[in-house]
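Student: below are the sequence and a predicted model for it; my questions follow.
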Amino acid sequence: MRYFLRSNSLIVRGKFRICSSGPHGGIRNCTTLINHQVQNDFSHDPEKELELLSYSLGLSYTDTAGLLTAVDMNTLCILSWDTMMVFVTAGITHPDPVQSSVPASEDVPNPAPGTINIIVLTRDFHDQALVDAVITTTEAKVLALRDAGYDFAGTVTDAVIIASEGQGTIRYAGSATETGQRIHETVYTGVTKALLRQSDTKKKKPSFFIRSGIGGPHWVLWEKEHCPYYPCHYQGQRCDLCYCPLYPCGDTTLGDWILKSERAPVWACTRCLLNHHPLVTSHLLRNPEATLLELKSLYSKTL
């Protein structure tokens with residue numbers, strides 16, 4: 001799996017089994033997930049828009065699952081917890097008129113482009129868990145809205161994609177399970193942070209949050225500027241990809257699978273320097289789908 005931004009689109013590439021409520025959705029296999037920013041007054045056929053977008057990016061439409069939003073992609077929140085990742089954009093211009101006490105013709109406080117889009121990327125889910133995770137994700141979104149002071153459960157255009165790398169044996173993802181609890185906490189945090197970023201007019205790029213256990217469980221916002229750990233590897237390293245978009249690569253020459261308590265193995269890449277070399281980092285930023293072999297070959301020439 002890898003993810004990157006192209007113009008107004010978040011693109012996630014890999015081999016997924018998905019459950020999607022967005023255009024061209026349902027339960028199926030696909031290789032590309034997209035969250036695409038459209039204009040505020042967008043009124044076209046969403047499936048046609050996604051089809052044309054796929055072709056413009058050189059992608060197969062049949063292998064693509066997408067979401068559309070008028071929310072600025074610079075307010076995107078990316079959250080990482082071991083091998084699970086969540087991507088959230090959030091706006092609340094058009095609350096659900098059935099559930100909100102605010103008339104549909106009126107704006108809610110601090111209006112922003114509407115639609116809350118959520119992509120949850122995990123591993124080894126059975127189809128049953130994919131559907132279960134949709135419920136857990138929605139519950140977390142509703143709670144985040146309530147705790148933020150809103151009296152509605154979502155907007156009229158909200159959408160979600162649950163994507164699993166590998167069709168495995170995990171069948172349950174409700175909030176009573178450890179998997180579901182992780183999804184709930186991560187989505188709740190992502191929606192909360194994304195709503196706050198709608199009011200930040202100075203926000204110029206997406207935000208990346210990592211779930212850390214150091215000093216007690218908490219979420220950390222990673223920022224390249226003024227990082228207290230620089231240089232974590234060597235002087236002159238590139239930090240643009242501090243949290244690797246190739247994670248977990250599974251290449252045992254670069255990292256290892258480790259056990260954390262009784263949980264499933266987690267990929268550890270603390271000894272990997274691949275994407276910190278300036279030449280490799282520049283190449284990957286220009287060519288986000290470069291193969292791992294290509295990047296390793298490039299890196300070997302610098303040694």
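Tutor: Received it, and whenever you're ready, just let me know what you need. Numbers count the residues shown, from 1 in each chain.

Student: from here on, contacts and neighbour counts on C-alpha atoms
Tutor: Noted.

Student: now do the lowest-mean-pLDDT helix or strand in the chain: distance to the chain's middle.
Tutor: For the chain, the helix or strand with the lowest mean confidence is strand 266-268, at a mean of 84 (criterion: mean pLDDT, DSSP states H and E). For strand 266-268, the gap between its own C-alpha mean and the chain's C-alpha mean amounts to 19 Å (C-alpha atoms, centre = their mean, to the nearest Å).

Student: what residues of it count as buried?
Tutor: Neighbour-count burial for strand 266-268 flags 267-268 (criterion: 16 or more other C-alpha atoms under 10 Å).

Student: again with stretch 200-220
Tutor: Using 16+ other C-alpha under 10 Å as the test for burial, stretch 200-220 gives 206-210, 219.

Student: which of these fall within strands?
Tutor: When strands are assigned by DSSP state E, the members of these inside them are 207-210, 219.

Student: now for residue 58, how many residues are close by?
Tutor: By the criterion of other C-alpha atoms under 10 Å, residue 58 has 9 neighbours.

Student: pLDDT at it, what is it?
Tutor: On the pLDDT scale, residue 58 is placed at 91.

Student: any idea which helix or strand carries it?
Tutor: Take DSSP states H and E as the rule and residue 58 turns out to sit in neither a helix nor a strand.

Student: from residue 51, how far out is it?
Tutor: As for residue 58, its distance to residue 51 is 11 Å (criterion: C-alpha to C-alpha, to the nearest Å).

Student: just residue 34 next, same as before
Tutor: The spacing between residue 34 and residue 51, counted by C-alpha to C-alpha, is 11 Å.

Student: who has more neighbours, these two?
Tutor: The residue with more neighbours, out of residue 34 and residue 51 and counting by other C-alpha under 10 Å, is residue 34; that gives 23 against 20.

Student: for the more buried one, which residues make a bridge with it?
Tutor: Note on residue 34: beta-bridge partners residue 11, residue 66, judged by DSSP bridges.

Student: check contacts around it.
Tutor: Neighbour list for residue 34: 9-12, 64-67 [criterion: C-alpha atoms under 8 Å, 6 or more residues apart in numbering].

Student: which one of the ones in strands among the buried residues of stretch 200-220 is nearest to residue 247?
Tutor: Taking C-alpha to C-alpha as the measure, residue 247 lies nearest residue 210 of those, at 13.0 Å.

Student: could you pull out the strands for the stretch 201-303 of the chain?
Tutor: Using DSSP state E, counting those that start in this stretch, the strands assigned to the stretch 201-303 of the chain run over residues 207-212, 218-222, 256-258, 266-268.

Student: what helices or strands is the helix or strand where residue 193 lies leaning on?
Tutor: Residue 193 is part of helix 178-198 when elements are defined by DSSP H and E. Using 3 or more C-alpha pairs under 8 Å, 6 or more residues apart in numbering; DSSP states H and E as the contact criterion, the neighbours of helix 178-198 among helices and strands are strand 77-81, strand 84-91, strand 115-125, helix 127-147.

Student: for those, give me CSV that also has mean pLDDT, distance to residue 199 and mean neighbour count.
Tutor: Supplementary listing: those in CSV, determined by pLDDT from 0 to 100; distance: least, C-alpha to C-alpha, whole Å; neighbours: other C-alpha atoms under 10 Å:
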stretch, mean pLDDT, distance to residue 199, mean neighbour count
strand 77-81, 95, 14, 21
strand 84-91, 95, 10, 25
strand 115-125, 96, 15, 23
helix 127-147, 97, 15, 20
